[in-house]
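# no sequence for this one, just the structure:
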């Protein structure tokens, strides 16, 4: 990437600050559409948030305006490129320019997202802010350098392909898979996984296993947080993760040169996002923003923790953007027991089976998609 940028500068290219309105004009605002008036369908509905790229559900657009080939920016400053037909609620701004390609959109979207640390539930990204917002973009001969943006995104795609190739080689999937294996794994993976997990459950019950309700305090101790930081500690070249209640990237919102929690040896923490009910494992030094609870797990096996996460989140009611912690730590979790002891081996094996099917899906991805992707990014 650095070589690409150097060549761009040597050819006379430069980076300039430009207002978003000069690129897209005025932004449209999505429509308010309360849950009770939504009709199930096949058109994605974009709303505020990062999880699933802000897609809340698929709806019938009979009561909504549809958009396509646009960039959306939500009330928290999260920007997404959407190269498909979608609807948007009133927490979304929509901008587009038919002269830009999808790769140009992706580049501009990444630049918009650099500013999102300035926005929150308290200071929301709305049309007045959009009208003044600027981004840094490449220019050549006083024209927006669309070719450079295209090449930049294509290089990122190449990097991802190289990473996938390296991973496949690491796990022994770099060779072609036999026709028999492809046929086996071409079957409905969800059905195969469901059958295997049902088989595990039956074996567990026959061996005397039972499910019991247990309070989360059986598995975690709450850790006191001495310092709650805000986004001002984020640094572009920071070394230590800063955790938030975001539902993507394991809650990591950025990096800082300092940390508040130190992890030594095989130690680890569990982080709970108060607004989003997200649960993640931190086995590295980190700091936290507001709305994050830090827990010390009494069990170190990651598979056991992942099993507990799944059932714990099911036990926590969805309260929207409200805080969930008080309810979360009061509600019991349904956990497997055998001979009056927590069935740690069963939980480990249960998650392990799911992981096996993920690897099998990766085999299909390699055989059916990877070659197509490699060809597509050459275009």
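That came in fine, so what should we check first? Every value quoted in this text rests on a predicted model; they were computed, and no experiment measured them.

# unless I'm mixing things up, residue 146 is touching residue 100, no?
Yes: under the criterion of CB atoms under 8 Å, residue 146 makes contact with residue 100 at 7.0 Å. Just so you know, the C-beta spots here come from the backbone N, C-alpha and C atoms, and that holds for glycine as well.

# quick one, which of these two is more surrounded?
residue 100 (20 against 17; other CB atoms under 10 Å).

# Specify the local secondary structure of that one.
Put simply, residue 100 is coil when judged by DSSP: H, G, I helix; E, B strand; the rest coil.

# likewise residue 149?
Assignment for residue 149 (three-state DSSP): helix.

# repeat for the one 3 residues further on
Under three-state DSSP, residue 152 falls in the helix class.

# so how far is residue 229 from it?
Distance of residue 152 to residue 229, computed by CB to CB, to the nearest Å: 32 Å.

# can you check residue 120 too?
13 Å.

# got it, and residue 35?
For residue 35, the distance to residue 229 - CB to CB - is 34 Å.

# Quick one: neighbours of residue 281, just the number.
16.

# Surely it is within a strand?
Yes: counting by three-state DSSP, residue 281 is located in a strand.

# phi, psi of the most centrally placed residue in the chain?
Using CA atoms, centre = their mean, the residue of the chain that lies closest to the mean C-alpha position is residue 248, 3.0 Å off. The phi and psi values for residue 248, taken as degrees, to the nearest 10, are phi -120, psi 160.

# which ones are touching the residue lying closest to residue 150 once chain neighbours are set aside?
Excluding its sequence neighbours, the residue lying closest to residue 150 (CB to CB, 6 or more residues apart in numbering) is residue 103, at 4.5 Å. Residue 103 sits next to 149, 150, 153, 154 when contact means CB atoms under 8 Å, 6 or more residues apart in numbering.

# Next: residue 69.
Per CB under 8 Å, 6+ apart, neighbours of residue 69: 82, 83, 96, 98, 102, 105.

# Tell me which two of those sit farthest apart.
Farthest apart among these by CB to CB are 82 and 98. That separation is 14.3 Å.

# higher neighbour count, the two?
residue 82 (23 against 5).

# And the pLDDT for that one?
On pLDDT, residue 82 comes in at 96.

# Could you do residue 180 as well?
With respect to pLDDT, residue 180 has a value of 46.
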